[in-house]
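In: just need the structure, nothing else, for what follows:
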Amino acid sequence: MSLAKPLMRGLLGKRLRIHLPVAFAVSLLTAAVFKYTVCDPRKQAYAEFYKNYDAVKEFNNMREAGIFECVRPSGE
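Out: Residues are numbered from 1 along each chain as shown. Model (predicted):
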């Protein structure tokens with residue numbers, strides 16, 4: 001009783017027919033999950049932050065705190 005020879009011819013093609021669609025499906029699923037769990041909440045957080053953000057007021061607060069070396073506070 002001898003062992004049957006392994007089938008080597010066409011092995012890569014046979015495996016690719018199975019693994020390639022699975023790999024594409026997993027990658028698309030991962031991308032969709034990442035988009036809806038990370039990207040969309042982050043976009044919403046940025047939109048909420050900048051809805052009431054006043055850049056001039058923030059600049060004046062930083063200037064009064066002495067963060068900028070080249071800009072003097074308005075009282076000097």
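In: and Asn61, how far is that from Ala45?
Out: Distance, Asn61 to Ala45, using CB to CB, to the nearest Å: 22 Å. Every C-beta, even on glycine, is put in place using the N, C-alpha and C of the backbone.
In: for Asp40, see how far away Tyr46 is.
Out: Remark: distance between Tyr46 and Asp40 (CB to CB) = 11 Å.
In: hey, what's in contact with both of the two?
Out: Residues touching both Tyr46 and Asp40 (CB atoms under 8 Å, 6 or more residues apart in numbering): none.
In: how close does Val33 sit to Ser2?
Out: For Val33, the distance to Ser2 (CB to CB) stands at 49 Å.
In: ok, those two, which is more surrounded?
Out: More crowded of Val33 and Ser2, by other CB atoms under 10 Å: Val33, with 10 against 4.
In: for Ala47, what is the enclosing helix or strand?
Out: helix 40-51 (DSSP states H and E).
In: just how off-centre is that helix within its chain?
Out: The gap between where helix 40-51 is centred and where its chain is centred comes out at 15 Å by CA atoms, centre = their mean, to the nearest Å.
In: one more: stretch 31-45?
Out: In terms of CA atoms, centre = their mean, the centre of stretch 31-45 is found 8 Å from the chain centre.
In: then stretch 43-52?
Out: Relative to the chain's own centre, stretch 43-52 is displaced by 17 Å; criterion: CA atoms, centre = their mean.
In: tell me the average confidence for it?
Out: In this model, stretch 43-52 has a mean pLDDT of 96.
In: which helix runs longest in the chain?
Out: helix 11-34 (DSSP state H).
In: now do it against helix 40-51, angle only.
Out: 30 degrees (axes from the mean of the first three to the mean of the last three CA atoms, to 10 degrees).
In: how about helix 11-34: buried residues?
Out: For helix 11-34, a neighbour-count test (16 or more other CB atoms under 10 Å) marks nothing as buried.
In: using PDB, list the CA coordinates for it.
Out: These are the backbone C-alpha positions of helix 11-34, laid out as PDB (Å, rounded to 0.1, in the frame of the first residue of the first chain):
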ATOM      1  CA  LEU A  11      -2.400  23.900  -7.100                       C
ATOM      2  CA  LEU A  12      -1.800  27.700  -7.000                       C
ATOM      3  CA  GLY A  13      -4.700  28.300  -9.400                       C
ATOM      4  CA  LYS A  14      -7.100  26.100  -7.400                       C
ATOM      5  CA  ARG A  15      -6.100  27.900  -4.100                       C
ATOM      6  CA  LEU A  16      -6.400  31.300  -5.700                       C
ATOM      7  CA  ARG A  17      -9.900  30.700  -6.800                       C
ATOM      8  CA  ILE A  18     -10.900  30.300  -3.200                       C
ATOM      9  CA  HIS A  19      -8.600  32.700  -1.400                       C
ATOM     10  CA  LEU A  20      -8.700  35.700  -3.700                       C
ATOM     11  CA  PRO A  21     -12.400  36.400  -3.400                       C
ATOM     12  CA  VAL A  22     -12.300  35.800   0.300                       C
ATOM     13  CA  ALA A  23      -9.400  38.200   0.700                       C
ATOM     14  CA  PHE A  24     -11.300  40.900  -1.300                       C
ATOM     15  CA  ALA A  25     -14.400  40.400   0.800                       C
ATOM     16  CA  VAL A  26     -12.500  40.600   4.100                       C
ATOM     17  CA  SER A  27     -10.700  43.700   2.900                       C
ATOM     18  CA  LEU A  28     -13.900  45.400   1.800                       C
ATOM     19  CA  LEU A  29     -15.600  44.500   5.100                       C
ATOM     20  CA  THR A  30     -12.700  45.900   7.100                       C
ATOM     21  CA  ALA A  31     -12.700  49.100   5.100                       C
ATOM     22  CA  ALA A  32     -16.500  49.600   5.600                       C
ATOM     23  CA  VAL A  33     -16.200  48.900   9.400                       C
ATOM     24  CA  PHE A  34     -13.300  51.300   9.700                       C
END
